[in-house]
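Novice: fold the following, please.
(2 chains)
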Amino acid sequence: MYQAPRGTSDILPPEQKYWSYIRHTASSICQLYGYQRIDTPTFEDARLFVRSIGESTDIVEKEMYSFEDKGGDPITLRPEGTAPVCRAYVEHGMHNLPQPVRLYYMASIFRYERPQAGRYREHHQFGVEALGAADPALDAEVIDMAWQLYVNLGLKGIALSLNSIGCSNCRPRYLEVLKSYYTQHKESLCPDCKRRLGKNTLRLLDCKTPSCFALNEQAPRSMDYLCQECADHFNQLRNYLNLLNLPFSLSHRLVRGLDYYTRTVFEIAPEGETGAQVAIGGGGRYDDLIEQLGGKPTPAVGFATGIERLVLNLKKQDVVVPALFPLTVFIAHLGQEARDEAMKLTSHLRKSGISTIASLSDKSLKAQLKQANVSGARYSIIIGEDEVKSRTVTLRNMAKGEQQTVPIDKLAEALR
RNA sequence: GUGGGCGUAGCCGAGCGGUUUAAGGCGCCAGGUUGUGGCCCUGGAGAACGAGGGUUCGAAUCCCUCCGCUCACCCCA
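Specialist: Model (predicted):
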């Protein structure tokens, strides 16, 4: 028997109301903030991701779904959403549009890793990117959107962590300081961190191994090594967040897993949750990425949130989400003539915008009404010989258990 | 890649070497008389117990291998 591949899952009808709720909430926020939807391909030239995400990140080192297509081109299933949007920005000359360009996407994301709670090989992200402005007000806007999304979804007790990791001017110096700090304490580092020390020093900061953890608390902080511009930017951002009443806590160990981030980085997670995969969303500024991808120097900022994790949290918090597509009418019929009538009536009601299903069987009325009950339809319509003769139907309100005879041409009216 | 837990009908789940030709619940189907649902009652269909091998007179129950699921680590959404 076939099964969905490891780390993937079917989103079955009973789940769909959560997905629909999230999609609607997200897109209405995007509308409010003036963001427009963009869809990019599910797969891209593999090199796009290697260049943007960084060679020595986990994603590129071991998590990409990569293959050669039949033409021999290197292809990768999208492991994150930002790089493709930047590629599209450059490819379509969006620097000619009024800046910043505000975009959002909802897309499948693929990473080859061992699945566990809240982590999958194919998952879905909703993300926004604001490209073409360095103003910290834009960082605040993006963070505000993220926050507002969670608030509007009805999630409680979420916390925002914030950091600035500097820019291409000030970061090199910070990295040197950081590297020499860890080198001094090399003996107490975990094996992973020893290995990473030369390649991706920033990432040592969020190692959770107990021995490293203590060391990380004492480590030099990027916030203390920002150049004047970055420091000003960060200060302004914090002012804006205060203006918007967005509570945040500074986290000097927050660095994010992708190489392209500059300045602002942030993460949002339910308060008090521990463990590694609790973050429901995160993002930051990536001022050098578009230039790296062959565009003009273009500062930008964005964030993404994992839809599966949102669903998980909505359920955990017992958030009530609206039901999907309630059925209005179920038609039961008795006898061939009635069945023909039901067929026509079903079509008529559907054309009038009334959701309708008719029984497919010639079973007893009892059995058909049972189906009607399970279908969740608000009304049942019963057509038998009497009704056919008199050009009427029996209209039954399922919740009240009351019914009346309605002329067939008055039916659409009676249902309003 | 590493470590732990688990694998019995569509779903949940009892059984843990011998009246098991495998409970029970949900769901599904049919009936409880004539054209009426949701509650109740009755009946029915549906599993050779993840796969393969072994131990034994006898295995869903013990052992081995594999596969799968799951949780955790690494890391991320």
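Novice: run a quick neighbour tally on A:G272.
Specialist: 8 (other CB atoms under 10 Å). Any C-beta I mention is one placed from the backbone N, CA and C, and that applies to glycine too.
Novice: skip the chain neighbours and tell me the closest residue to it.
Specialist: Leaving aside its chain neighbours, A:G272 sits nearest to A:G157 (7.3 Å; criterion: CB to CB, 6 or more residues apart in numbering).
Novice: quick one: name the residues of the stretch 251-400 of chain A near RNA strand B.
Specialist: Proximity of the stretch 251-400 of chain A to RNA strand B (CB under 7 Å from any atom of the strand) is limited to residues A:256-258, A:267, A:275-282, A:304-306, A:308-309, A:334, A:361, A:363-367, A:369-374, A:382, A:384-387, A:394, A:396, A:398-400.
Novice: how about the residues of the stretch 1-150 of chain A by RNA strand B?
Specialist: So far as CB under 7 Å from any atom of the strand goes, the stretch 1-150 of chain A lies against RNA strand B at A:3, A:5-7, A:57-59, A:80, A:109, A:111, A:113-120, A:123, A:125.
Novice: those residues, buried ones only, as a ChimeraX selection?
Specialist: A single ChimeraX command selects the buried members of these (16 or more other CB atoms under 10 Å):
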select /A:7,57,58,59,80,109,111,118,119,120,123,125
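Novice: inside strands: which ones of the residues of the stretch 1-150 of chain A next to RNA strand B?
Specialist: A:I109, A:H123, A:Q125 (DSSP state E).
Novice: between the residues you listed, which is nearest RNA strand B?
Specialist: Nearest to RNA strand B among those: A:H123, at 3.7 Å, using CB to the nearest atom of the strand.
Novice: quick check: closest non-adjacent residue to the closest one.
Specialist: Nearest one to A:H123, counting by CB to CB, 6+ apart, is A:E308 at 5.0 Å.
Novice: name the SS class of that neighbour, please.
Specialist: For A:E308, the assignment made with DSSP: H, G, I helix; E, B strand; the rest coil gives helix.
Novice: next, count neighbours for it.
Specialist: 20.
Novice: and the one 10 residues further on, by the same measure?
Specialist: The number of residues packed near A:D318 is 7, by other CB under 10 Å.
Novice: ok, it to RNA strand B distance?
Specialist: To RNA strand B, A:D318 is 19 Å away according to CB to the nearest atom of the strand, to the nearest Å.
Novice: from A:Q16, how far out is that residue?
Specialist: For A:D318, the distance to A:Q16 equals 18 Å [CB to CB, to the nearest Å].
Novice: which of the residues of the stretch 1-150 of chain A next to RNA strand B fall in helices?
Specialist: Among those, the members found in helices (DSSP state H) are A:D58.
Novice: doesn't A:G302 belong to a strand?
Specialist: Yes - assessed with three-state DSSP, A:G302 lies in a strand.
Novice: where's the residue nearest to it when sequence neighbours are not counted relative to RNA strand B, distance?
Specialist: Spatially, and ignoring its direct neighbours in sequence, A:G302 is nearest to A:E129 (3.8 Å; CB to CB, 6+ apart). Going from A:E129 to RNA strand B by CB to the nearest atom of the strand gives 13 Å.
Novice: show me what contacts A:E129?
Specialist: A:G81, A:T82, A:V85, A:C86, A:R102, A:L103, A:Y104, A:Y105, A:A300, A:V301, A:G302 (CB atoms under 8 Å, 6 or more residues apart in numbering).
Novice: give me the mean pLDDT for the helix or strand hosting it.
Specialist: Using DSSP states H and E, A:E129 maps to strand A:122-131. Per-residue pLDDT over strand A:122-131 has a mean of 97.
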